[in-house]
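Novice: Output the structure for:
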Amino acid sequence: MRIAIDARLVTYQRGGIGQYILHLIEEFARLTEGRTDAEFTILRSRKERDPLAPRAPGFRDETLWTPPHNRFEQLALPIELARLRFDLLHSPDFIPPWRGRFRRLITVHDLTFLYYPQFLTAESHRHYNDQIDRAVRVADHISADSTNTKDDLVRLLNVPPDKVTVVLLAPNPIYRVMDEAACTPVLARLGLSQNFMLFTGTLEPRKNVRGLLTAYRELCDRRPSTPLLVLAGRRGWLYDEIFEQITKLKLADHVHFAENLPNEDLVALYNAARLFVLPSFYEGFGLPVLEAMACGTPVVCSNRGSLPEVAGDAALLINPDDLDGLADAMKRVMEDESLRAQMRERGFANAKRFSWEKAAKETLAIYRALLGE
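Specialist: Numbers count the residues shown, from 1 in each chain. This is a model prediction of the structure:
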C-alpha cells in the first residue's frame, strides 16, 4: 500500500497536530521495519529545514510549495499531488484536497470551531467552518481523537457512525518522573523554584486562561501563601486580553510566563509543579492532562469536551464557568496530602492506558481497510 501523509503543518505548529503527525510517522517506521508491503510519502512544507521521513526503507520526503490553510490551497495542492504516486492520502489537519484519484482519510481532532466560533481568527474560521461539511462528505473515512469527538461528528455534522474510528492519542514518552535535583537546572534558568501551579497550552480564549486568572486571584485573596502560577505555552490569538487581565487583577508579581519551551523543559516543569490545571471550555483530547499525570502531578481540569474521557478517575473535574469551584478545587489539591497521593497513583495508572504504538497500529488498520488489504 502506498500512503501519503500531509505533514506540512509540522513546520508551522510543532505542538498539537504537529506532534500527532510526528509521533505517528515515528511509530509507522518502527512497526513496518523489515516489511515491504507499505510505502510512505511524507509531504512536507518547502519551508521545513529538516527531513521528516524516518531514515528507513519505504519512507521518503516530498516537498510541497502550497502552504497549509492558504486560500488557494484547494486549487494548488491537487496540482502538486498529481505528479506523485500514492493510493491513500492521510490529512491530519481535518481538510483534504477535494480533487485527486486517491482515497482520503482525515483526522478530526475536535469541533471547537462549531461550538465556539467566536474563539477563532477569521482565517481559521474560513479554513475550518467553511470547509468541514464538505470535508466529512469527501473523506472515505474519519479518524477521531476521542469518543466525544466522534459523537460530535455524528450529532453536529450527521456523519454515519461507521464512518468514524476513534484512535486515542498518547503522551510523549519523554514525560516521566524526574527527581528534584534533575529539575533544578531548568528551574534556575527559568527563574523558578519548586511547588508552583502550572498551566500549559496555547494562550487563546478556548483555554479559559482569563477564568483561571480570576480563580487564582480569588485563591490568593483567601490564601496569601498561594504559590506562583506559571503559564507555559505560546501566544495564540486574542492573547492580549490575558495580559490585560493580569494587570487588572494585580497579578504581575504572582504569574510567571514561559514561552515556547522544549519538551525537555516542560518535563521538569510538570515534575516541579504542585498542581496542573487545565480549565478549557473545550478540548478534542487534552494531551497536557496525560503529560502531567505521567510526571506524577495532580490534575484539575474541565469537565467539557473529551477531558473527562481522557482524565478518567484520576483528576478533579470542574465546570469551567464556575470559577469559585475552580478556586476550591485548586485549594483542595494543594492542601490535602492524602488526596494528592491518591491522585498521583491514579494518574500513573491512567496515563498507561494510552500509547502511540497503539494509536499507530489502529491507524495502519484503517489504511489497510480503506485499501482492501
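
Novice: Can I take it that residue 42 is in a helix?
Specialist: No. Secondary structure of residue 42 (DSSP: H, G, I helix; E, B strand; the rest coil): strand, not part of a helix.

Novice: please renumber so the chain begins at 5
Specialist: OK, 5 is where the count begins now, so the last one is residue 46.

Novice: which one is it nearest to, not counting chain neighbours?
Specialist: residue 57 (4.3 Å; C-beta to C-beta, 6 or more residues apart in numbering). (C-beta placed from N, C-alpha, C; glycine too.)

Novice: The one you found in helix, strand or coil?
Specialist: Per three-state DSSP, residue 57 ends up coil.

Novice: So which residues of the stretch 105-254 of the chain form strands?
Specialist: Along the stretch 105-254 of the chain, the stretches classed as strands by DSSP state E, counting those that start in this stretch are 107-112, 145-148, 168-170, 201-204, 233-237.

Novice: Which one of those lies nearest to residue 350?
Specialist: Proximity to residue 350 (C-beta to C-beta) singles out strand 201-204 among those, at 18.5 Å.

Novice: roughly how far is the closest one from the heart of the chain?
Specialist: Here the centre of strand 201-204 is set off from its chain's centre by 15 Å, with C-alpha atoms, centre = their mean, to the nearest Å.

Novice: who does that strand pair up with?
Specialist: Strand pairing for strand 201-204, using DSSP bridges, gives strand 233-237 (parallel), strand 279-282 (parallel).

Novice: closest one to residue 123 among the strands of the stretch 105-254 of the chain?
Specialist: Ranking these by proximity to residue 123 (C-beta to C-beta) places strand 233-237 first, at 15.5 Å.

Novice: coming back round to it: ok, the residue nearest to residue 46 to residue 63 distance?
Specialist: Applying C-beta to C-beta, to the nearest Å, the value for residue 57 to residue 63 is 4 Å.

Novice: what residues do the two have in common as contacts?
Specialist: Shared contacts of residue 57 and residue 63 (C-beta atoms under 8 Å, 6 or more residues apart in numbering): 29, 44, 46.

Novice: pLDDT at the second one, what is it?
Specialist: Put plainly, it is residue 44. For residue 44, the pLDDT comes out at 97.

Novice: Let me know whether it touches residue 29 as I believe.
Specialist: Yes. The pair residue 44 and residue 29 qualifies as a contact (C-beta atoms under 8 Å) at a distance of 7.5 Å.

Novice: More neighbours: those two, which one.
Specialist: Between residue 44 and residue 29, counted using other C-beta atoms under 10 Å, the more crowded position is residue 44 (23 against 20).

Novice: Report the contact partners of that one.
Specialist: Residue 44 neighbours (C-beta under 8 Å, 6+ apart): 7, 8, 9, 29, 32, 36, 57, 62, 63, 64.

Novice: For the second one, what are phi and psi?
Specialist: Residue 8 has phi and psi values of phi -110, psi 140 when expressed as degrees, to the nearest 10.

Novice: Can you work out which residues contact both of residue 44 and residue 29?
Specialist: Common neighbours of residue 44 and residue 29 (C-beta under 8 Å, 6+ apart) are 9, 57, 63.

Novice: Across the sheet, point out what pairs with the last one.
Specialist: By that I understand residue 63. What pairs with residue 63, by the bridge criterion (DSSP bridges), is residue 44.
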